[in-house]
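A.B. asks: generate coordinates for the sequence data below:
(one chain, ligands or ions: 1)
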Amino acid sequence: MRLRSIRARLTFWYTSLLTVTLLVLGGAAYVLLSYSLSHEVDAALTGVAETLAERSHGSSTVIPPAEIEGLFRRFFGFSPWDRYYQMLDPRRHRDSPEPKSSPDRAPLSREALNNATRGLPTFETVEGLGPHPVRLLTMPVMEGNRLANLIQVGMSLESITETRVRFLLVMAALLPIGLLLAGSGGWLLARRALQPVVRMADAAQRISAEHLAQRVDETGTGDELDHLAKTLNQMLSRLDAAFSQIRQFSASASHELQTPLTILKGELEVALRSPRTPEEYRAALTSSLEEVDRIAHLVEGLLLLSRAEAGVLKMDRQPVDLTQLLEEVYSRLKFLADSHSIELRLGPVEAISLPGDREHLRRLLLNLTENAIKYSEPRGSVALSLHGDEKWAYVVVEDTGIGIPAEEQGKIFEPFYRTAEARSQAESGTGLGLCIARSIAEAHGGAIHVHSVPGRGSTFKVLIPVRIG
Ligand code: ADP
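C.D. replies: Numbers count the residues shown, from 1 in each chain. Modelled structure (predicted):
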C-alpha cells in the first residue's frame, strides 16, 4: 500500500503502533489476570484445607456440611462457585490411588499420594468432577512424621473461565473503538501539525523570480517547522541578493556596451552622410575600429567573468616562470608608462616558478600594472616586485597614484565599480579589470589584497600558492 500524503502515513503508523501496543498490553493484562485468578483460587483452597486439617485433629472426624459451607464462604466470599470437599484415610489408599474421577468422587493421583506421604500438598486441575474443570488441592494432615489423614478440597474453575472470557470480550469490543478514536484523533492532529507546512508550500508557490522579496510566515515558536521557515527565508534572501546582483550586472553590462555602440553608430552615420575623401574615410574607420576594440575588450571581460561565476573558467596548471612573466609585463607596459611620464621600475624579483595558467596570470598582472599607470599623475612611479615563501608567491604592484578612499577599497573588486576620482580622470576603463584579476587569483587558490592612501598611492598584493592543493 502506498500512502501519498504524510498525513495518511503518520495516521497509519500511529494507529499501527497503537494497535501493537494495545495488543501487547492486553495480552500482558490477560496473562496477569489468569495468573492472579489461579493464585487466588490456590490460596483460598489452601486456607480452607488448612482450617479443615486443624479442625479434624488428624482423625477422620466428620465435619458438618454447614461448617464447611461457612468455611468456603469465609475464603471465597459469596461466590457461586461449585466446591468440593472430601477427607480420605491414607491407609486405604496406600498402594492404590484412584486416578479417575467420578461426579461425586475426586481422583487421588499417584503424584498427590506420593507428595502427601512426604508431607507436601498437591494442586491439580481435573476434569469429570462436574461440568467444568475443577482445581483440586490434596493436603496431607501429619501427626508427627506419620500421614494421618488426606484432605481434598476443590472448586470449579467455571467462574475463572467466565472472567477470562469476559475480559477477552471487553478487549475485543474496546480495541476497535479505541483504535477508531485514536485513528481519527491522529488524522486531525496530523492535519493540525502539518498546516504550517501547507501554508509554507502555498507561500513558496507564490514566490517567483519577480517576487523574491516575499517571505514565508515564521511562527516564532522555535520548533522544527519554524526552523524550516527560517531556513527557507534565509535561502530566499540569498537568492534575492544573487538575483539583484545579476540584474545589476546585466544592467551595467548593457549600459557599458551601449556607450561605445552609440559612438560607433554616430561616427559611421556622420561618415556616410556626405561623400568624403579617402583620408576622411580612413580616419572614420580608424576611430570606429577603436570603439569596436573597446566593445570586443568588454565582451571578452564579460565572458571571462561569467565563466568564472559559473565555475567553468578553465585554468591550466602548467609550470609558469613568474619572474619571466613579470619581466614580460614590465617590457610590454614600459612604453605606456613612458608615454604617461611615469617611471616603471622592476625589482626586487626573486626566481619563482609555480603551477598556473600563464595567459590568465599575464592578464592579471597586466590589469594591475595598467591600473597603476592609469591612476597615477605624471612624474609618478610604479614598482613591480616579486618574492615568495614556502607557501605563497607574492607579486606587489605599488604606485604613487591617486589612491582609493578606505570605504571604497572593498568595492573596487565588484564588476563595473569605479571611484569618482577614476571617472573624473576621464581615463578609459570598464570597471571589470580588478574583478577579472581577483577571479583569476581565486581560481588559482590565491587572493588579492589592497592597501591605499588617497593622494599618496596604492599597493596591490597578489598571493598565488606555489604548490597545488
Ligand atoms: P577600470 O580600471 O577599468 O575602471 P578596474 O576594475 O580595473 O576598472 O578598477 C576599478 C576601480 O578601482 C577603478 O575605476 C579605480 O577607481 C580603482 N583603482 C584600481 N586600481 C587603482 C589604482 N592603482 N589606483 C587608484 N585607483 C585604482
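A.B. asks: V216 contacts A229, doesn't it?
C.D. replies: Yes: counting by Cβ atoms under 8 Å, V216 sits close enough to A229 to count as a contact (5.2 Å). Backbone N, C-alpha and C define where each C-beta goes, glycine included.
A.B. asks: so what sits against both of these two?
C.D. replies: By Cβ atoms under 8 Å, 6 or more residues apart in numbering, V216 and A229 have these common neighbours: M200.
A.B. asks: so which of the two has more stuff around it?
C.D. replies: A229 (24 against 19; other Cβ atoms under 10 Å).
A.B. asks: what sits closest to that one if chain neighbours are left out?
C.D. replies: For A229, ignoring the flanking residues on the chain, the nearest one in space by Cβ to Cβ, 6 or more residues apart in numbering is E218 at 4.6 Å.
A.B. asks: wait, a helix at the one you found?
C.D. replies: No: per DSSP: H, G, I helix; E, B strand; the rest coil, E218 lies outside any helix segment and is coil.
A.B. asks: show me what counts as buried in stretch 268-288.
C.D. replies: 271, 284, 287-288 (16 or more other Cβ atoms under 10 Å).
A.B. asks: could you list the low-pLDDT ranges of the stretch 351-469 of the chain?
C.D. replies: Low-confidence segments of the stretch 351-469 of the chain, defined by pLDDT under 70, span residues 426-427, 469.
A.B. asks: which parts of it sit against the ligand?
C.D. replies: The stretch 351-469 of the chain comes close to the ligand at residues 367, 371-372, 375, 399, 401-404, 412, 417-419, 422, 429-435, 458, as judged by Cβ under 6 Å from any ligand atom.
A.B. asks: just the ones in helices from these, please.
C.D. replies: Mapping those onto helices (DSSP state H) picks out 367, 371-372, 422, 433-435.
A.B. asks: widest-spaced pair of these?
C.D. replies: A372 and C435 (16.7 Å; Cβ to Cβ).
A.B. asks: with neighbour numbers in mind, choose between these two.
C.D. replies: A372 (27 against 22).
A.B. asks: which phi and psi does whichever residue of the stretch 51-200 of the chain sits closest to the ligand have?
C.D. replies: Here the stretch 51-200 of the chain gets closest to the ligand at one residue, M200, 41.9 Å apart by Cβ to the nearest ligand atom. When read as degrees, to the nearest 10, the backbone of M200 gives phi -60, psi -40.
A.B. asks: sorry, back to before: return the residues in contact with the residue nearest to A229.
C.D. replies: 226, 229-230, 233.
A.B. asks: OK, now which residue of the stretch 101-250 of the chain is nearest to the ligand?
C.D. replies: For the stretch 101-250 of the chain, Cβ to the nearest ligand atom, closest residue to the ligand: F249, 13.5 Å.
A.B. asks: verify the stated contact: that residue with E414.
C.D. replies: No: using Cβ under 8 Å as the test, F249 is too far from E414 to be in contact (9.2 Å).
A.B. asks: may I ask which of the ones in helices among the residues of the stretch 351-469 of the chain next to the ligand has the most neighbours?
C.D. replies: Counting by other Cβ under 10 Å, top hit in those: A372 with 27 neighbours.
A.B. asks: contact residues of the protein facing the ligand?
C.D. replies: Within the chain, the positions near the ligand by Cβ under 6 Å from any ligand atom are 367, 371-372, 375, 399, 401-404, 412, 417-419, 422, 429-435, 458.
A.B. asks: Three-state assignment for the residue nearest to I207 when sequence neighbours are not counted, please.
C.D. replies: Computed as Cβ to Cβ, 6+ apart, the closest residue to I207 that is not its neighbour in sequence is Q214, at 5.0 Å. For Q214, the assignment made with three-state DSSP gives coil.
A.B. asks: so who does T125 touch?
C.D. replies: 133-136, 157.
A.B. asks: so it is in which element?
C.D. replies: strand 122-126 (DSSP states H and E).
A.B. asks: same check on V395?
C.D. replies: Take DSSP H and E as the rule and V395 turns out to sit in strand 392-399.
A.B. asks: parallel or antiparallel, which strands does that strand pair with?
C.D. replies: According to DSSP bridges, strand 392-399 forms sheet pairs with strand 381-388 (antiparallel), strand 457-465 (antiparallel).
A.B. asks: list the contacts of the longest one.
C.D. replies: What that stands for is strand 457-465. Outside strand 457-465, the residues within contact range by Cβ under 8 Å, 6+ apart are 322, 354, 356, 361, 364-365, 368, 371-372, 375-376, 380, 391-401, 403-404, 437, 441, 444-452.
A.B. asks: and that strand, which residues are buried?
C.D. replies: Within strand 457-465, the residues that qualify as buried are 457-458, 460-465, counting by 16+ other Cβ under 10 Å.
A.B. asks: closest to G47 out of those?
C.D. replies: Comparing those against G47 with Cβ to Cβ places P465 closest, at 93.7 Å.
A.B. asks: ranges for the strands of the stretch 301-450 of the chain?
C.D. replies: Assigned by DSSP state E, counting those that start in this stretch, the strands in the stretch 301-450 of the chain fall at 318-321, 343-349, 353-356, 381-388, 392-399, 447-453.
A.B. asks: tell me the angle of the last one relative to strand 392-399?
C.D. replies: Right, the one you point to is strand 447-453. 30 degrees (axes from the mean of the first three to the mean of the last three Cα atoms, to 10 degrees).
A.B. asks: hmm, who's touching stretch 360-372?
C.D. replies: If you take Cβ under 8 Å, 6+ apart as the criterion, stretch 360-372 is touched by 315-316, 320, 322, 325-326, 328-330, 332-333, 336, 344, 382, 384, 395, 397-399, 401, 433-434, 436-437, 440-441, 443-444, 448, 458, 460, 462, 464.
A.B. asks: domain assignment for this structure?
C.D. replies: Using automatic domain parsing, the domain parsing of the chain gives 6-162, 224-310, 318-465.
A.B. asks: highest mean neighbour count out of those?
C.D. replies: Greatest average neighbour count among the domains of the chain goes to domain 318-465 (a mean of 18), per mean count of other Cβ atoms under 10 Å.
A.B. asks: low-confidence stretches in this structure?
C.D. replies: By pLDDT under 70, the low-scoring segments of the chain are 1-3, 57-63, 77-83, 91-104, 426-427, 469.
A.B. asks: one more time with 50, if that's ok
C.D. replies: 1, 80 (pLDDT under 50).
A.B. asks: how about the helices in it?
C.D. replies: Assigned by DSSP H, the helices in the chain fall at 6-56, 65-76, 110-117, 158-206, 224-273, 278-310, 322-339, 358-374, 420-424, 433-443.
A.B. asks: check which helices and strands the second one sits against.
C.D. replies: In other words, helix 65-76. helix 6-56, strand 83-88 (3 or more Cβ pairs under 8 Å, 6 or more residues apart in numbering; DSSP states H and E).
A.B. asks: tell me which residues are up against the last one.
C.D. replies: Think strand 83-88. 48, 52, 56, 60, 63, 68, 72, 76, 105-106, 108, 129-130, 134, 136, 149-156.
A.B. asks: equivalent analysis for stretch 263-271, please.
C.D. replies: 280-281, 284-285, 287-288, 291-292, 295.
A.B. asks: dump the C-alpha coordinates for that stretch into CSV.
C.D. replies: What follows is stretch 263-271, C-alpha atoms only, in CSV (Å, rounded to 0.1, in the frame of the first residue of the first chain):
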residue,chain,number,x,y,z
ILE,A,263,29.6,56.4,-30.5
LEU,A,264,30.3,53.8,-33.3
LYS,A,265,26.9,54.3,-34.8
GLY,A,266,27.3,58.1,-34.7
GLU,A,267,30.7,58.0,-36.3
LEU,A,268,29.5,55.7,-39.1
GLU,A,269,26.4,57.9,-39.7
VAL,A,270,28.5,61.1,-39.9
ALA,A,271,30.9,59.4,-42.3
